[in-house]
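> Take a look and give me a structure for this.
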Amino acid sequence: MLRKFGIICALLSATLPLAAQTGAKNGEWRSYAAEPGSTKYSPLDQINRDNVKNLRIAWRFKTDNLGARPDYNMQSTPIVVNGVMYVQAGTRRTVVALDPASGEMLWMWRMDEGKRGAAAPRQGSGRGLAYWTDGKGDERIVTVTPGYHLAQLNAKTGIPVATFGKNGIIDLKTEIDQPGIDLENADIGLNSPPALGNNVIVVGAAHLPGGAPRTKENVKGYVRGYDVRTGKRLWIFHTIPQPGEFGNDTWEKDSWSYTGNAGNWGPITIDEELNRVYLATEDGTGDYFGGHRPGNNLFSASVVCLDLNTGKRLWYFQAIHHDIWDWDFPTAPILMDITVNGKPIKAVAVPSKQAFLYTFDRVTGQPVWPMEERPVPRGKVPTEWYSPTQPYPTKPAAYDMQGIRESDVNDWTPEIKAEALRVLNLHKYSDNLFEPPIDRGQDGKFGMIMMPGNNGGTNWEGGAFDPETKIAYIFSSTEFNRRSLINDPARSNMNYIDGGGGGGRGRGAAASEEGGGPAGGGPGAAAGSAPAGGRGRAGGAEAAPPLTAFGLPLIKPPYGRVTAINMNTGDHVWMAPIGGTPENIKNHKMLKGVTIPKYTGRAGRTGIMVTKTLLFAGERGPLDTVDGQTVSWCRSYDKATGAVVSEMQIPANTTNVPITYMAGGKQYIIIAVAAVGKPAELLALALP
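Below you'll find the model as predicted:
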């Protein structure tokens, strides 16, 4: 049966026409990532390489009072439809309608969720919402609240649609095939946008970061489809298969019965032409120790294609067998119509924390370029289960560092290099991407250096794709982490949890990849120390050293970059650092007289957006000081080379994915900006 299905899919792939991709249409930005295919591309070119240097702030929308406290990390990306902008804003995730030409508020809506909202694992502004219309005047906005309710609003008034769910609301903690869930405190929520296509709403699930879960038992992150008009549940996909379902045997020793997570916490992509939905899932409980869930653990860490109407699984690919690195897929799969070796292919490509761009024929699920199962190292952590092999894409090549070597350390001066090597050799490290975590003190080491770390590679902001040139642009953060497992019965019933120990930007323990941290930080500051604990061997109870060299990054730049990839060939076109050099590097006492690049790039969260002629990206990390004011930068880049075309001073870091649209005959670019001490606001940029 499976072989017959594959033959049918192959024939279908050969006969389906390739509809021309255009990205965003009609000067709008109708979906979170421009259009359901998640390209983040607009063909607008009123703002171009000749005049982009003249951009100015046209209007601002402050969010200070949208919540009981200000928001300092607004991640929400607006949509613009039929002359109205819709966006989530503030710490209560208020839905706001704005005039896109002036920023004037037209209406607002929020749900008071009380203790349930306060206990939510995914709080804050959210990352986006969805729009639906029947084309006859019925227009609706769909949003997910912090407390995990699905709400549908009249797009013209903001009033909940009474015929959807119960007075416009569906409780997503119900109808989840897990009886007895605590409706107030259960560890499940979502801050990514709902996906919407062909009258179906698809909703994923997210949880608290799982490095040190209190228990090996948790809520399962199932994915569901709902009728857009009524709110009726159409289907549910068990990301942890139940008895009798395909893949259940990959959760050995009945671990399927209690293990949770394995949700789709990033954005979801829909192909309306094929009537399919593409998921990209996370690992099971917990992030760095899987001894309580032996086996390959389908469908965690997988790309899964479902029928949009029924939720039936059509194909899947597991990118990591038994993930113990927290390399869950964080970003939206990107639909691409490409031509490889003369063959037109309807493809889907998924950026990853591993810095691989996993690319498939989205009809058949066959990899566009070969995948190789290669042997990988086994670890020594007692009771852990290790997969003997892992899949490696042969193309495109990795677009960021994988593994770490002595040649990667910072060598700005001989003294800095010597210190970097000393710190590196206090840890286990390897040039093998899949080197597993160690327990603290193993072989006298403080931990294992994992590159990319859980914040490295590509995160929820994802990449962009130009459907005209067939070039993908992928942002990645060059960050590592120290993985140091400990046994601590006072904190968890798991045999091992992550003991912390600092992130690899050189600024301390990294914020969770899903929620992010305050919109500041960056390379150069001292790292935090690991908590005491462990097994009492060398390095076990002693505080772990900072992961820096005299407060400077341990590794060479760039720390944030964009890689341009020709998707017709799988070849890299260029790589360029994204972000300037932080002042605490430029002004470091040990670097006087040393030539440092103007652009080292900055690690962290950077969303990118592509237009007809330019790539736009903001900047994260510590603010710069200009004329006594702390500021950040918004830059445009040449799409063909990666060279900086313009840079504009802005009041704080860019914290969302930029968008562009037309209003009143003028092209606008919208960014959200925020930083520690600088509450979030939307900035509309336009030509004078």
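> From here on, just use CA atoms for contacts and neighbour counts.
Will do.
> Spit out the contact partners of the residue nearest the centre of the chain.
The central residue of the chain, meaning the one whose C-alpha is nearest the mean C-alpha position (Cα atoms, centre = their mean), is Trp460 at 1.4 Å. Residues near Trp460 by Cα atoms under 8 Å, 6 or more residues apart in numbering: Gly266, Pro267, Pro330, Thr331, Ala332, Glu514.
> Hmm, the second one is touching Leu196, no?
No: Pro267 is not in contact with Leu196 according to Cα atoms under 8 Å; the separation is 11.0 Å.
> on that earlier part again, any idea which of the contacts of Trp460 the model trusts least?
Across the contacts of Trp460, no position has a lower pLDDT than Glu514, which has 44.
> give me the low-pLDDT residue ranges for the protein?
Scanning the chain for pLDDT under 70 picks out the ranges 1-20, 501-542.
> Using the centroid of it, identify the residue furthest from it.
Greatest distance from the centre of the chain, by Cα atoms, centre = their mean, belongs to Gly593 (38.4 Å).
> Now it. Its backbone dihedrals?
phi 80, psi 0 (degrees, to the nearest 10).
> One more: Ile324?
Ile324 has phi and psi values of phi -130, psi 30 when expressed as degrees, to the nearest 10.
> Now do the same contact list for it.
Here Ile324 is in contact with Asp283, Gly286, Asp287, Tyr288, Phe289, Gly290, Pro436, Pro437 (criterion: Cα under 8 Å, 6+ apart).
> could you redo the last one with a cut-off of 6 Å?
Ile324 is in contact with Asp287, Tyr288, Phe289, counting by Cα atoms under 6 Å, 6 or more residues apart in numbering.
> Check the gap between the closest residue to the second one other than its chain neighbours and Ser300 for me.
With sequence-adjacent residues excluded and distances taken as Cα to Cα, 6 or more residues apart in numbering, Tyr288 is closest to Ile324, at 4.2 Å. Taking Cα to Cα, to the nearest Å as the measure, Ile324 and Ser300 are separated by 11 Å.
> next one: Arg313
Applying Cα to Cα, the value for Arg313 to Ser300 is 14 Å.
> Same drill for those two, tell me which one is more crowded.
When neighbours are counted by other Cα atoms under 10 Å, Arg313 and Ser300 differ, and Ser300 comes out ahead with 29 against 15.
> which residues touch that one?
Contacts here follow Cα under 6 Å, 6+ apart; on that basis Ser300 touches Ala262, Thr281, Glu282, Asp283.
> what number of residues lie near the third one?
Neighbours of Glu282 under the rule other Cα under 10 Å: 29.
> State the helix or strand in which it lies.
Here Glu282, judged by DSSP states H and E, is contained in no helix and no strand.
> repeat for Tyr278
Under the assignment here (DSSP H and E), Tyr278 is part of strand 276-280.
> Against which helices or strands is that strand packed?
strand 269-271, strand 302-307 (3 or more Cα pairs under 6 Å, 6 or more residues apart in numbering; DSSP states H and E).
> One more pass at 10 Å, please.
strand 195-197, strand 269-271, strand 302-307, strand 313-318, strand 343-350 (3 or more Cα pairs under 10 Å, 6 or more residues apart in numbering; DSSP states H and E).
> Tell me the buried residues in stretch 125-139?
When burial is assessed from 16 or more other Cα atoms under 10 Å, stretch 125-139 yields the following buried residues: Ser125, Gly126, Arg127, Gly128, Leu129, Ala130, Tyr131, Trp132, Glu139.
> Likewise for stretch 403-416?
Under the neighbour-count criterion of 16+ other Cα under 10 Å, stretch 403-416 has Gly403, Ile404, Asp408, Val409, Asn410, Asp411, Ile416 buried.
> Over to Met590. Which of the three states is it?
The assignment at Met590 comes out as helix when based on DSSP: H, G, I helix; E, B strand; the rest coil.
> now Gly117, what's its secondary structure?
Secondary structure state of Gly117, per three-state DSSP, is helix.
> So it sits against Ile188, correct?
No: judged on Cα atoms under 10 Å, Gly117 makes no contact with Ile188 at a distance of 11.4 Å.
> Name the residues contacting each of the two.
In terms of Cα atoms under 10 Å, 6 or more residues apart in numbering, Gly117 and Ile188 are both contacted by the residues Pro146, Gly147, Tyr148.
> What's the PyMOL syntax to select whichever of the residues you listed are buried?
Per 16+ other Cα under 10 Å, the buried members of the shared contacts of Gly117 and Ile188 correspond to this PyMOL selection:
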select buried, resi 146+147+148
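> Out of the shared contacts of Gly117 and Ile188, which comes closest to Gly601?
Distances from Gly601 to the shared contacts of Gly117 and Ile188, taken as Cα to Cα, are shortest for Pro146 (32.6 Å).
> how about that closest one, what does it touch?
91-93, 111, 113, 116-126, 188-191.
> I'd like to know which of these are buried.
The neighbour-count test (16+ other Cα under 10 Å) marks 91-93, 111, 113, 116-117, 119-126, 188-191 as buried among the contacts of Pro146.
> Show the contacting residues for Leu614.
Neighbouring residues of Leu614 by Cα under 10 Å, 6+ apart: 45, 47-49, 52, 635-640, 642, 644-645.
> How about Pro121?
If a contact means Cα under 10 Å, 6+ apart, then Pro121 has 146-148, 185-191, 206-209, 515 as its contacts.
> Over to Ala280?
Contact criterion Cα under 10 Å, 6+ apart gives 204, 262-269, 299-305, 316-319, 328-333, 350-352 as the residues in contact with Ala280.
> how far away is it from Leu306?
Summarising the geometry, the distance separating Ala280 from Leu306, computed by Cα to Cα, is 11 Å.
> joint contacts of those two?
Common neighbours of Ala280 and Leu306, using Cα under 10 Å, 6+ apart, are Tyr316.
> Find the nearest non-adjacent residue to Thr91, please.
Counting by Cα to Cα, 6+ apart, the nearest residue to Thr91 once its immediate chain neighbours are dropped is Gly124, at 4.4 Å.
> before we move on, back to that, so which of the contacts of Pro121 is the closest to Ile486?
For those, with Ile486 as the reference and Cα to Cα as the criterion, the closest is Pro209, at 16.9 Å.
> does the closest one sit in a helix or strand, and which one?
Taking DSSP H and E as the criterion, no element holds Pro209; it sits outside all helices and strands.
> wait, doesn't it sit right on Gly284?
No: judged on Cα under 10 Å, Pro209 makes no contact with Gly284 at a distance of 11.2 Å.
> Looking at these two, which has the bigger crowd around it?
Neighbour comparison, Pro209 and Gly284: the larger count goes to Gly284, with 34 against 19 (by other Cα under 10 Å).
> For the more buried one, give me its contacts.
Shown here is Gly284, whose contacts under the criterion Cα under 10 Å, 6+ apart are 210, 216, 218, 220-221, 239-240, 256, 259-263, 290, 292-293, 297-301, 322-324, 326, 328.
> distance of it from Asn191?
19 Å.
> ditto for Glu272
Going from Glu272 to Asn191 by Cα to Cα gives 23 Å.
> now do Arg422
Distance from Arg422 to Asn191, by Cα to Cα: 41 Å.
> still on that earlier bit, and what about the residue nearest to Thr91, helix, strand or coil?
Under the three-state scheme (three-state DSSP), the conformation of Gly124 reads as coil.
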